[in-house]
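Asker: Need coordinates for the below:
(2 chains)
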Amino acid sequence: MNRGHLAFGMFLAACAAVGGQGLTPGQPAALGPTISGTDFSGSWRPNQLVTESQTAAGDLADFGGIPLNDAARLYALSWPASRQTVKQHQCMGYVTPYFWYAPGNYRIWEERDPFTQRLTAWRFYGQIAQGDRTVYMDGRPHPPAYAPHTFSGFSTGEYQGNTLTVTTTHLKRGWIKANGIPQSDAATVVEHFIRHGDMITILSVIDDPVYLSEPLSKASMVVRMAKDPDAWLYPCDDSEQIFGRKNDVVPNHLFGQNPYAREFADRRKIPLLAALGGAETMYPELGNALRDATAAENTAKARMVPSGPPAVSRASDPTPTDGEIHTMRVSGDVYLLAGDGANIAVQVGPQGAFVVDTGAGKLSDKVIAAIGRISARPIQFIVNTNFRPDHTGGNAQLQAAGADPSLTGTFFSMQFQGAGRGATIISQLNTQTRMTELKLPAPPSDTFVEDRRRKYHNGEAVEVFPQPNATTDGDSVVHFRRADVIVAGDVFSTTQYPNIDTQRGGSVQGTIQALNFILDRTVYIHDEDGGTLIIPGHGRVTDEWEVAEYRDMLVIVRDRVQSLIQSGATLQQVLAARPSADYDVRYGATKGPWTTAMFVEAVYTSLKTPPKAGTR
Amino acid sequence: MTGYWVSVVGEDWRWRMFPTRGDYGAVPLNAAARKIADSWDPAKDASAGEACKAFAAPVVMRIPGRLHVTWPDDQTLKIDTDAGQQTRLFHFGNPPPQTQTEDWQGVSRAEWDLGNAGAGGLFFGGGGQAGAPSGSLKVVTTRMRPGYVTRNGVPFSGNATLTEYYDLVKEKSGTQYLVLTSMLDDSTYMSQPMWTATHFKKQVDASRFNPVACGK
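Answerer: Numbering: from 1, shown residues only, chains lettered A, B, ... in the order given. Presented below is the predicted three-dimensional model:
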């Protein structure tokens, strides 16, 4: 096993370990079923007859038989095959059930407890993208919502008679079909494995509240091979594919301008309405919708552009709301504390805790207690990634609970009364200025302007990078280099559109640049899984894949708004055009502190009037 | 299995919903079959009174439609299809008399295929609680009148054997699926056995069961 695989295995093990957090302390995990069902062990390949006719990719705009909703259809129509030239898309992994449509080999084996011989897990390995899945049979719970997602997801299984039923959550955004039909990271997939001799039939049911109007059920098959094929690897390194292309270019078709939208339908003599998919295309009554060809054609055309009222996110917010602080080790000595507004990151070690953001301040006592449970030393440093109260609300209490012994006895202590008493709070200068303007408590005292702020703390290089004119004029991201964890602040969220504050120096282009800055520092382990981990300002821990997805979304919405501006559209016309229609089901809101309309307006405003570079 | 079911066309959508001449997907047809399929003319079939060739046992379960499954007696399971108004009879126990003439649905012998059924095997097994026996319905159909294996004219011969496994699965939501794994073995027109997977979703009633005769 090479080091990459070892590290990837450790990453998967870490994700699995998170799953054990739901167990009551001291309670042993279940032993696994006392009776095993069908044996699925062996080397398998896809049923050639099936894979040739339902290839993983499919034709462009071949969406029939899939209950995709309007947003998913727009997403898919916006997707050009050239998207795959973007670095982060070149080695994308396979989510299930797409996993089973690949043309490579599969190995299935069981893991048994050495003492009881009970079945503890099924393992599925797919050659293409080297998908490595573990299906726990020991009754353990699924991880908390704020845990990382992977292309393999987190799977548990049980027998229903001879059928093995596997439930998978914590999947990344992947493909239902690699012609642009997305499967969201909110999807739950249930697979039923039925073996007949040398054939396994897999009925997969995808329940995706974001992109499907009803569950998608689909059967696939694999055939047992008598001999190990000795072909199991899938090396993939991304590379430069388009020389000179800037990293804020993400190929996409503007709404209604996909030149290939009719290609499949016309070539196969299929009505466009049917080719564009939707729940009705799965059932025998499809013909009824096609009976009036003119009406069907008009309906199809209407579905190729946004219509109807704005949608809201159908993905649940993973942030705990039970009034408790939830602690999760992310990597190395870096932890996530979730539950009090924005995410809090804590690095621990012999020098003292290094905290990034302090939350909303409503649960600061519990935050301090949680830090005390993972750190034997007091809080020494606090970094604020921006000025917002949900990131800085705990400054005063956390500062007071800490101490900065590096200042005690120095010339600082002669200049400033109380130097070293309390943690030192660090930020980009504009964050300090904004907090002072807004009279927010405990603004940072240690600031920087244009260059990175670096420290070697707890045996680890820690870098704080300013991100000019991102969501504000004072954003920073923090990189813990040994743990390889990046704390992104509000430039990245898994729960909402970026809160771009154009009144305080924020801009869409600056936020895109900040996301690309993060992506320039990340390395995955294999096929866009693992490696550098990211703690977003809000939402769950991710790796680079989700950051790339978020960057893509922002670039694509920017391109659409820019195109509308160039055609002379006013703000109201831009809003009416719903330039984020395919993403609203994932990030959108129509009420609350940050709505889709506010986001689109921020994009529009920052494109019409870009902020001046530099600090205030 | 009894009740009404609707086919969910997630697999091989293009071929099942919009069959066209010459587009055979991954059907392992040989040269002789291709020659016949390439000259497929549904109008000719209809005028010859053979419109039901495209609703024969190897294909009728793949056609988008609804099923009605009943037990007319304790040795026979019956499936009525609304597409083509076909009836399939699965005989348990003794086979039906040989006097039956060949028809599109052939003669089907059925048995319960319990496999190991989670019982820990026949010998030495079952260290813990045994679940209720469950398994598949296995159906082997022969003596079919030659027809098509696809809706676009790929033929099967009178020597073909169709082996089918029917399995029920239930989602936590309560949705029930009927999963059909089938293998058509026909050395006359296939270069290898043709395996397909098809599935159906349970319906609450007969309200959308809409029988339509072949060719209509």
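Asker: which non-adjacent residue is nearest A:Pro468?
Answerer: A:Gly510 (6.0 Å; CB to CB, 6 or more residues apart in numbering or on different chains). Heads up, the C-betas are built off the backbone N, CA and C, glycines and all.
Asker: Also A:Met225?
Answerer: A:Ser43 (4.5 Å).
Asker: For the helix or strand where the residue nearest to A:Pro468 lies, which helices and strands make contact with it?
Answerer: Using DSSP states H and E, A:Gly510 sits in helix A:508-519. Counting contacts by 3 or more CB pairs under 8 Å, 6 or more residues apart in numbering or on different chains; DSSP states H and E, helix A:508-519 is packed against strand A:460-467, strand A:475-480, strand A:485-493, helix A:544-566, helix A:596-608.
Asker: Parallel or antiparallel, which strands does the second one pair with?
Answerer: Paired neighbours of strand A:475-480 in the sheet (DSSP bridges): strand A:460-467 (antiparallel), strand A:485-493 (antiparallel).
Asker: Contacts for it next, please.
Answerer: Contact with strand A:475-480 is made by A:332-334, A:345, A:347, A:356, A:383-386, A:427-428, A:431, A:460-467, A:485-491, A:514, A:517-518, A:521, as judged by CB atoms under 8 Å, 6 or more residues apart in numbering or on different chains.
Asker: please redo it, this time with the cut-off set to 7 Å
Answerer: A:332, A:334, A:347, A:356, A:383, A:385-386, A:427-428, A:460, A:462-467, A:486-491, A:514, A:517-518, A:521 (CB atoms under 7 Å, 6 or more residues apart in numbering or on different chains).
Asker: Identify the residues contacting the residue nearest the centre of chain B.
Answerer: The centre of chain B sits closest to B:Met61, judged by CA atoms, centre = their mean, with a distance of 4.2 Å. The contact partners of B:Met61, taken as CB under 7 Å, 6+ apart, are B:Leu180, B:Thr198.
Asker: distance of it from A:Leu276?
Answerer: Distance of B:Met61 to A:Leu276, given as CB to CB, to the nearest Å: 27 Å.
Asker: How about A:Leu363?
Answerer: The value you get for A:Leu363 to A:Leu276, if CB to CB is used, is 48 Å.
Asker: likewise B:Pro72?
Answerer: From B:Pro72 to A:Leu276 the distance is 43 Å (CB to CB).
Asker: more crowded one of the two?
Answerer: Set side by side, B:Pro72 and A:Leu276 show more neighbours around A:Leu276, with 27 against 10, by other CB atoms under 10 Å in any protein chain shown.
Asker: right, and that one touches A:Ala300 too?
Answerer: Yes. At 5.6 Å, A:Leu276 and A:Ala300 qualify as touching, with contact defined as CB atoms under 7 Å.
Asker: quick one on the thing from earlier: how about the contacts made by the residue nearest to A:Pro468?
Answerer: So A:Gly510 contacts A:Gln467, A:Pro468, A:Asn469, A:Ala470 (CB under 7 Å, 6+ apart).
Asker: Please repeat the previous calculation with a cut-off of 10 Å.
Answerer: Listed by CB atoms under 10 Å, 6 or more residues apart in numbering or on different chains, the contact set of A:Gly510 reads A:467-473, A:475, A:491, A:500, A:606, A:610-611, A:613.
Asker: Repeat that for B:Val204.
Answerer: By CB under 10 Å, 6+ apart, the neighbours of B:Val204 are B:Gly3, B:Tyr4.
Asker: now do A:Asp527
Answerer: Here A:Asp527 is in contact with A:8, A:90-94, A:128-131, A:150-151, A:234-236, A:238, A:545 (CB under 10 Å, 6+ apart).
Asker: Repeat that for A:Met435.
Answerer: A:384, A:386-389, A:392, A:395, A:425, A:427, A:441-444, A:474.
Asker: mind checking the SS state of it?
Answerer: On the three-state scheme (DSSP: H, G, I helix; E, B strand; the rest coil), A:Met435 is labelled helix.
Asker: Please list only the buried members of the contacts of A:Asp527.
Answerer: Using 16 or more other CB atoms under 10 Å in any protein chain shown as the burial test, the contacts of A:Asp527 include A:8, A:91-94, A:128-131, A:150-151, A:234, A:236, A:238, A:545 as buried.
Asker: Looking at those residues, spot the one nearest A:Glu214.
Answerer: A:Tyr94 (23.3 Å; CB to CB).
Asker: count of residues packed around the residue nearest to B:Met190 when sequence neighbours are not counted?
Answerer: Sequence neighbours aside, B:Pro28 is the residue nearest to B:Met190 in space, at 5.2 Å (criterion: CB to CB, 6+ apart). Look at B:Pro28: counted by other CB under 10 Å, it has 19 neighbours.
Asker: what do you get for the one 10 residues further on?
Answerer: Applying other CB under 10 Å, we find 13 other residues in the vicinity of B:Asp38.
Asker: Any figure for the gap between the residue nearest to A:Pro468 and B:Ala110?
Answerer: 68 Å.
Asker: Can I get the longest helix seen in chain B in PDB, CA atoms only?
Answerer: The residue-count maximum for a helix in chain B (DSSP state H) belongs to helix B:31-38. Extracted C-alpha coordinates of helix B:31-38, given in PDB (Å, rounded to 0.1, in the frame of the first residue of the first chain):
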ATOM      1  CA  ALA B  31     -26.300 -11.600 -37.800                       C
ATOM      2  CA  ALA B  32     -29.400 -13.600 -38.600                       C
ATOM      3  CA  ALA B  33     -31.400 -11.700 -36.000                       C
ATOM      4  CA  ARG B  34     -30.100  -8.400 -37.200                       C
ATOM      5  CA  LYS B  35     -31.200  -9.100 -40.700                       C
ATOM      6  CA  ILE B  36     -34.700  -9.800 -39.500                       C
ATOM      7  CA  ALA B  37     -34.700  -6.800 -37.200                       C
ATOM      8  CA  ASP B  38     -33.500  -4.400 -39.800                       C
END
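Asker: The helix holding A:Gly510: which residues count as buried?
Answerer: Neighbour-count burial for helix A:508-519 [16+ other CB under 10 Å]: A:Val508, A:Gln509, A:Gly510, A:Thr511, A:Ile512, A:Gln513, A:Ala514, A:Leu515, A:Asn516, A:Phe517, A:Ile518, A:Leu519.
Asker: Please apply the same query to stretch A:116-135.
Answerer: Neighbour-count burial for stretch A:116-135 [16+ other CB under 10 Å]: A:118-122, A:124-135.
Asker: wait, B:Ser182 sits on B:Ala57?
Answerer: Yes. B:Ser182 is within contact range of B:Ala57, at 9.3 Å (criterion: CB atoms under 10 Å).
Asker: No more questions from me, cheers.
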